[in-house]
Structure formats: C-alpha cells, structure tokens
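K.L.:
predicted coordinates and the sequence they were generated for:
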Amino acid sequence: DAKTTQPPSMDCAEGRAANLPCNHSTISGNEYVYWYRQIHSQGPQYIIHGLKNNETNEMASLIITEDRKSSTLILPHATLRDTAVYYCIVRTLTGTASKLTFGTGTRLQVTL
Amino acid sequence: DGGITQSPKYLFRKEGQNVTLSCEQNLNHDAMYWYRQDPGQGLRLIYYSQIVNDFQKGDIAEGYSVSREKKESFPLTVTSAQKNPTAFYLCASSVWGKMDEQFFGPGTRLTVL
C-alpha cells in the first residue's frame, strides 16, 4: 500500500472549515484513499473514502486531486468535538479482510 | 443498539501472566481485527479474522494468540511471551465486501506491572 504524509498538527477555529491535507504521491490506480479519526482514548472512527471522484457525506468532504497524488479532508464547520487525530490511509480495496496501516496522523485542535 | 464492546476498559496484570481481552460485536460482521496502539503512535495490526474458525497474523502477532469460535466474539490473549504488553488495544469489525470500513470498539488499556 502507498505511503501517506500528513502534517503532525493543525489548528482550526470553531465554526470555520478545517482542511486536512494528505500526500500520497506513490498511489496506484486501484488504491483508495480512506480517512479515519480518533478522539483521545477512543477507537478510530471511519469518516469517508474515495478513489478519484470527490466524495461527500454527512461528516465531511474528500477532495482528491486529478493526478491523485494528494487529497484534502474538509470538515465544513468544525466544532470542539472534532478535535481528534485524523488518519489518511491509502490501500487497495480487495473485498477481503486485510490490514489498514495507520500512520501517526494529523492532530487537529479546534479552538473557540 | 448494535456495536462493538470491549471489556474491561482498564486492565492491570502482573508481569509473566497471560491475560485475555474480550471483544464482542452484534453487528453481524464477518471480519474482526485486533490492533495495538502505543502512546503517540498509529495503530498496528495484531491479528484479523475473516470468518469463524479462521484467522491470520498481522504485523505484530508475536506474543499474542486469538480464537474465533463464534462470529460475534474474537478474544485476544496477551501471553507472557509478549515483551512489551502495556498498550491500548483496539478491536474492530467490518462487513464482508466493505472490509475497509472498519468499526472500532472503545478499547482496553492494559498495564502490566
């Protein structure tokens, strides 16, 4: 699976959009981009995933560049409860159980 | 309510003792996973299971053992062979065909004294 690079930390004011970048320059054609987040001392929570088209759900939007070498997770109106570590993961969707490789992620701090 | 439960939330054991961590899910998920997380680090996969009576080693299986006798349950035993067992352990499950959308339990923090 391709390696990802994320900034170690980011700050965002409450009510503003939080834009979390992820570089995955070695991504291959059949690899998906996944985002999870982990609030302190809890299990990770799935947010969103995509292949090449932009995706949106009730939690966030995922913007993938045309060359697919990077992506951005957007939380449109960040709240204090969005403070967490956000993990960007790239992997092949095999349809079978296999590992998700979590790096160290981006620690997002939402402030008043 | 459907979900994944792990018990206990905090567990203390003496060095040299085996300890079993519980993971139960009522989501009817086929696949289950165990991860370990150390402070400031990402998650590392210990074992995973696609179906009952079958499981595979992950990246750091040494010193751990699992069983999958029931679809709902995937207990993890931390044996005395595990050199650094103190960590936060997370169990997850997923639906066949959506294996990468994993749902996580609340975790068990194991401290070996």
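P.N.:
Thanks, I have the structure now.
K.L.:
how near is the residue nearest to the spatial centre of chain B to A:Glu66?
P.N.:
Central residue of chain B (CA atoms, centre = their mean): B:Trp34, 3.0 Å from the mean position. The gap separating B:Trp34 from A:Glu66 is 38 Å, by CB to CB, to the nearest Å. Using the backbone N, CA and C atoms, a C-beta is placed for each residue, glycine as well.
K.L.:
try A:Cys22
P.N.:
From A:Cys22 to A:Glu66 the distance is 15 Å (CB to CB).
K.L.:
which one's more surrounded, the two?
P.N.:
More crowded of A:Cys22 and A:Glu66, by other CB atoms under 10 Å in any protein chain shown: A:Cys22, with 24 against 6.
K.L.:
my read: the more buried one touches A:Cys88, true?
P.N.:
Yes. With contact defined as CB atoms under 8 Å, A:Cys22 counts as touching A:Cys88 (3.4 Å).
K.L.:
list residues touching both of those two?
P.N.:
Counting by CB atoms under 8 Å, 6 or more residues apart in numbering or on different chains, the contacts common to A:Cys22 and A:Cys88 are A:4, A:6, A:33, A:35, A:71, A:73.
K.L.:
and residue 22, what element?
P.N.:
Because you didn't say which chain, this covers chain A. Per DSSP states H and E, A:Cys22 falls inside strand A:18-23.
K.L.:
let's do chain B instead
P.N.:
Residue-wise, B:Ser22 maps onto strand B:19-25 under DSSP H and E.
K.L.:
any buried residues in that strand, and which?
P.N.:
Neighbour-count burial for strand B:19-25, counted by 16 or more other CB atoms under 10 Å in any protein chain shown, picks out B:19, B:21-25.
K.L.:
wait, isn't A:Arg107 in contact with A:Val85?
P.N.:
Yes. With contact defined as CB under 8 Å, A:Arg107 reaches A:Val85; the gap is 5.1 Å.
K.L.:
for chain A, what helix or strand is lowest in average pLDDT?
P.N.:
strand A:84-92 (a mean of 87; mean pLDDT, DSSP states H and E).
K.L.:
before we move on, back to that, could you point out which element follows the strand holding B:Ser22?
P.N.:
strand B:31-37.
K.L.:
now for that following strand, which elements pack on it?
P.N.:
Here strand B:31-37 touches strand B:19-25, strand B:43-49, strand B:87-95, going by 3 or more CB pairs under 8 Å, 6 or more residues apart in numbering or on different chains; DSSP states H and E.
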